[in-house]
Every structure is written in C-alpha cells, then in structure tokens.
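*Asks:* Provided below for reference: sequence and predicted model.
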Amino acid sequence: MEIITERGSTYEECVRKLQDKYGRHVEPFTRKTIRVGGVLGLFTREAVEVSAIISHGYKKPVSQNTIPIQKPVQKPLDFEEEKKKILAQAKTDPTIQLVLNEVRDIKQKIESGSGKTNQSEDHQNILRIADLMDMNDFSSKFTRRILERVRKEFSLSDLDNFDLLQEKVVEWIGEEITIYEESGFQSRPRILVLVGPTGVGKTTTIAKLAAVYGGLSSGAAVKAHSVKIITIDAYRIGAKQQIETYGNIMGIPVSSVESYDELKKTIALCSEDVDLILIDTIGKSPRDSVKLAEMKKLLSVCGSQAEVHLAICASTKSSDIHEIIQQFEPFNYRSIVVTKLDETIRVGNIISALKDKGKSISYITDGQAVPADIHRAGVVRFLINLEGFKVNRRAIEDRFPNKGSF
Ligand SMILES: Nc1nc2c(ncn2[C@@H]2O[C@H](COP(=O)(O)OP(=O)(O)OP(=O)(O)O)[C@@H](O)[C@H]2O)c(=O)[nH]1
Ligand SMILES: [Mg+2]
C-alpha cells in the first residue's frame, strides 16, 4: 500500500487526475483546502489537496499495445509557472507595484523595530524618551534617528541620568530644525509671496508682515520700509475687502489684480517707490492641480527673485503636510510659514515632516492679533513647546541664539 497526494483546483479534478494515473486502485481518503501561488504571501489562490491510498494490486501500465483513451484532461497546475507569471505581471502593473512597495515598507518597519524601540533590550530611560517623542507626535522615522543617536553617544552610566539625557535629546531635536536665512532687502523691491491651502492664515499673515516691515509694530526692531500689498484673490466674496480693511487701518496701499498682465503692470508701477511688495494669494486645495497650475502661471510674472513662502497650519496631520509640501513644490517656495502654533500643543508632526522634506521655517504665527502674533522663526520657540520634556531654556537659548526676532 502506498499513500500519495494530488493537488488541483477542485476535489473532482484531483480525483480525476488520480484515476487517470492509478485507475480503480486508487482510493481517496482525505481532502484539505490549501493556498497556492502568489508572491510574498499575496495573490494566493485556494486549491485542494487530496490524499489517496494506492492498493497493493496496482501495477504500472507498461503495455505498448494499449491505446490510452484521450480524455479532455485539464492541464495540471504548474505552480512555478504561475509564480513566474505573477512576478512578470508585477513588474508592469502599477497597482501590484504599489502593494509590493507597501509590503516592503511594512517589512522594513517590522525589521527595524517600528521606530520606537526594542522594548526588551532598551534602557528604561530610552523607553521614557521614546514615549515622550510619541506624545509629541514625532514620526517614527524621526524618533528612530534620535534614539539611535542616544544609543551611540550615551554610555550605560550616562543613560541613568535622565535629566542629562532629556536635555541632550531636546538639543538634538533642535538641531533637526532648519531656520530660513532671510536675504533681507538686497534687491528692491523685495517681493514676498505667500501660498498655501485654504484658511491657514495667509491673509492675516500678509497683514502682520505688512505691519512689521512697515514699522507699525511697536515691539519689532525692524526698520520701517515702504510696503505695498497686492492680492490676487479678487474673485472670492469678502477676500478683497478683508485685506483692504487691514490696508486701510494700517495706511498701507492694497491693489487687487486678476490677471498676469494686471499683476505685471501693478508691480512695474510701484517698483520705483516701494521696498517690499507682499502678495496674498487664493487658498488652494493641494489636490486641485489645475488651479494650482493657473496660479503658478500668474505668479511667474514676479520672477525668480520673488521669495515664495508656503503657509502650513501647525496642527495639520503629518500625511497632509507631506501632500501639501509636495503639491506646492512647483511654486519653488523657499521656506515654510508655520501658522496657528497657538492651536496645538504638539509640534513633533510638523518638525518631523519638515525635516523629512528638507524644508526650513521662515515665520511662525501664534494668534489672530495683527501684528502682534507673528515672529521670525526660531528653534527655541519649538523646543519650549515640547510636551513633557523638562527644558532648560537658558541652555537652549545659548545653543540656538535667535537671529533677530520680531
Ligand atoms: N489661532 C490663530 N488663528 C489664526 C492665525 N492666523 C490666522 N488665524 C485665523 O484663521 C482664520 C483664517 O485666516 P485667513 O488669514 O483669512 O486665512 P487664509 O489662508 O487667507 O484663508 P483663505 O484666503 O480663505 O485661503 C481667521 O479667522 C484668522 O483670524 C493664528 O496664527 N492663530
Ligand atoms: Mg486669504
């Protein structure tokens, strides 16, 4: 007696195959459902495996005289061939490529320990730091980098000193923040354009900048310049009035333009007597690529000298920040204005995303008051906002001196 197994798409197919091979000497006795084919466990199919007993009386048919009866036998499953087909398809099919990339990412994450830490091996204080980073919404990639640095640069005895450890970590987080180097008023007029998604505070920020650079802000140690505001947001009800109201109160001229030619003419007309032109734009969804392209075309009149800044709200979730950064890339923006910092207590998401994308921060805004609630970006401001970390303010101020605040 011999036990053999046969695989096929259905139970009937397996039995037919067995009978073709062994005739009446075969007796199926178990069946089970299995999964076959696929790549990395994906795209597998269900199949059946049947085990059967071959009785003693079975002899291999060797006669050359017998003419085998040609039955319409289904081609047996060739699993190797199936696998090759799927792999070949995977190379050209974008959906399969996407899934495979995600599987690779997940695999990498699992292999590298999810970004947090290896719970069983790490020092207690490293785990505490990992939790604090998590609490502040830092990305797992960012946290992993900081923890690797801790493991590399801290001896076991130093790790016991939690105050020292957190002080260093705060400093290292600060090193990951890039502050925009303002070029100032070298070219005249300086043209500063603010783009960004809807409702992030662009118009309010333009008004704040106008007041600060126009010398209207009492606390700001900034020389008074002659400023002009141009808005290309002429279509939306209320948008024009909003910026004109600010302009009227501050005594700063505001022009509203609708086309490339109008913008060109307006810039040319005021170029002689204005130090700074601030351009407010229409809030755009990062998904609306057609409208973004139209606006880009209109703004191209400002030339490559124009400083474009992208406004992003501090509480935007990480995946959206990545999308915004990417979709506004065609504007060649130089830096990011982080708005509404007052509306969130967690800044890890924005710090991580900007580090990932290699972007600097130019200004931050932290309230609705014009012009009080705008500041030149500084590392310290982000660090003192960190939740749960004991921050030695004097030490970080020494380490990251402010380059002329307002
Ligand atoms: N809390 C807080 N609110 C702000 C800040 N900046 C602006 N705002 C408020 O956010 C709202 C939208 O501000 P806008 O300046 O109109 O935003 P916008 O980006 O120009 O909007 P759109 O032109 O519609 O795209 C207003 O109520 C502002 O007062 C800030 O830093 N903190
Ligand atoms: Mg606006």
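*Replies:* Arrived safely, thanks for sending. Ligands and ions are numbered 1, 2, ... in the order given.
*Asks:* Those residues of the stretch 201-350 of the chain touching ligand 2, which are they?
*Replies:* Within reach of ligand 2 by Cβ under 5 Å from the ion, the stretch 201-350 of the chain has these residues: 202-203. No exception for glycine: its C-beta is placed from N, CA and C like everyone else's.
*Asks:* For ligand 1, what's the nearest residue on the stretch 201-350 of the chain?
*Replies:* residue 283 (2.0 Å; Cβ to the nearest ligand atom).
*Asks:* number of nearby residues for that residue?
*Replies:* Per other Cβ atoms under 10 Å, the neighbour tally for residue 283 reads 18.
*Asks:* show me where the stretch 151-300 of the chain has strands.
*Replies:* Assigned by DSSP state E, counting those that start in this stretch, the stretch 151-300 of the chain shows strands spanning 190-195, 227-231, 254-256, 276-280.
*Asks:* Can you check what angle separates the last one from strand 190-195?
*Replies:* Relative orientation of strand 276-280 and strand 190-195, computed by axes from the mean of the first three to the mean of the last three Cα atoms, to 10 degrees: 10 degrees.
*Asks:* Which elements pack onto the helix or strand hosting residue 134?
*Replies:* Element membership for residue 134, per DSSP states H and E: helix 124-135. Applying 3 or more Cβ pairs under 8 Å, 6 or more residues apart in numbering; DSSP states H and E, one finds that helix 124-135 makes contact with helix 140-153, helix 162-175.
*Asks:* mind giving me a markdown table with those helices and columns for distance to ligand 1 and mean pLDDT?
*Replies:* A markdown table is the format used below for the helices and strands packed on helix 124-135 (distance: least, Cβ to the nearest ligand atom, whole Å; pLDDT from 0 to 100):
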| stretch | distance to ligand 1 | mean pLDDT |
| --- | --- | --- |
| helix 140-153 | 24 | 96 |
| helix 162-175 | 22 | 96 |
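*Asks:* Distance to residue 56 and mean neighbour count added to those, as a markdown table?
*Replies:* Shown next, in a markdown table, are the helices and strands packed on helix 124-135 (distance: least, Cβ to Cβ, whole Å; neighbours: other Cβ atoms under 10 Å):
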| stretch | distance to residue 56 | mean neighbour count |
| --- | --- | --- |
| helix 140-153 | 63 | 16 |
| helix 162-175 | 76 | 17 |
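*Asks:* Tabulate those (TSV), appending distance to ligand 2.
*Replies:* Putting those into TSV (distance: least, Cβ to the ion, whole Å) gives the following:
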stretch	distance to ligand 2
helix 140-153	31
helix 162-175	32
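*Asks:* any chance of the ones you listed in CSV, plus distance to residue 59?
*Replies:* Below are these laid out as CSV (distance: least, Cβ to Cβ, whole Å):
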stretch, distance to residue 59
helix 140-153, 65
helix 162-175, 78
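*Asks:* quick check, residue 29 in a strand?
*Replies:* Yes - under DSSP: H, G, I helix; E, B strand; the rest coil, residue 29 sits within a strand.
*Asks:* what about it, distance to residue 54?
*Replies:* Separation of residue 29 from residue 54 (Cβ to Cβ, to the nearest Å) stands at 11 Å.
*Asks:* and the nearest residue to residue 17 once chain neighbours are set aside, what helix or strand is that in?
*Replies:* Nearest in space to residue 17, with sequence neighbours left out and distances taken as Cβ to Cβ, 6 or more residues apart in numbering, is residue 6 at 5.2 Å. Here residue 6 sits within strand 2-8, counting by DSSP H and E.
*Asks:* how about the residues of this protein that lie near ligand 1?
*Replies:* Within the chain, the positions lying close to ligand 1 (Cβ under 6 Å from any ligand atom) are 198-204, 233, 239, 283, 339-340, 342-343, 365-368, 373.
*Asks:* Strands of the stretch 301-406 of the chain, start to end?
*Replies:* 307-313, 335-339, 361-365, 374-376.
*Asks:* Adding mean pLDDT and mean neighbour count, write these out as TSV.
*Replies:* Shown next, in TSV, are these (pLDDT from 0 to 100; neighbours: other Cβ atoms under 10 Å):
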stretch	mean pLDDT	mean neighbour count
strand 307-313	97	24
strand 335-339	98	26
strand 361-365	97	24
strand 374-376	94	21
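*Asks:* Any chance of those strands in TSV with distance to residue 394 as columns?
*Replies:* Putting the strands of the stretch 301-406 of the chain into TSV (distance: least, Cβ to Cβ, whole Å) gives the following:
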stretch	distance to residue 394
strand 307-313	30
strand 335-339	24
strand 361-365	21
strand 374-376	19
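*Asks:* Go through those strands and name the closest to residue 167.
*Replies:* strand 361-365 (22.7 Å; Cβ to Cβ).
*Asks:* so what's the residue nearest to residue 17 scoring on pLDDT?
*Replies:* Looking at residue 6, its pLDDT stands at 91.
*Asks:* again, but for residue 114
*Replies:* 48.
*Asks:* Can I get the buried part of the residues of the chain next to ligand 1 as one PyMOL selection?
*Replies:* Of the residues of the chain next to ligand 1, the buried ones go into a single PyMOL selection, burial set by 16 or more other Cβ atoms under 10 Å:
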select buried, resi 200+201+202+203+204+233+239+283+339+340+365+366+373
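*Asks:* can you tell me which of the residues of the chain next to ligand 1 are in helices?
*Replies:* Residues of the residues of the chain next to ligand 1 located in helices (DSSP state H): 202-204, 239.
*Asks:* so where's this protein shaky on pLDDT?
*Replies:* 1, 39-42, 61-79, 86, 90-120, 218-221, 404-405 (pLDDT under 70).
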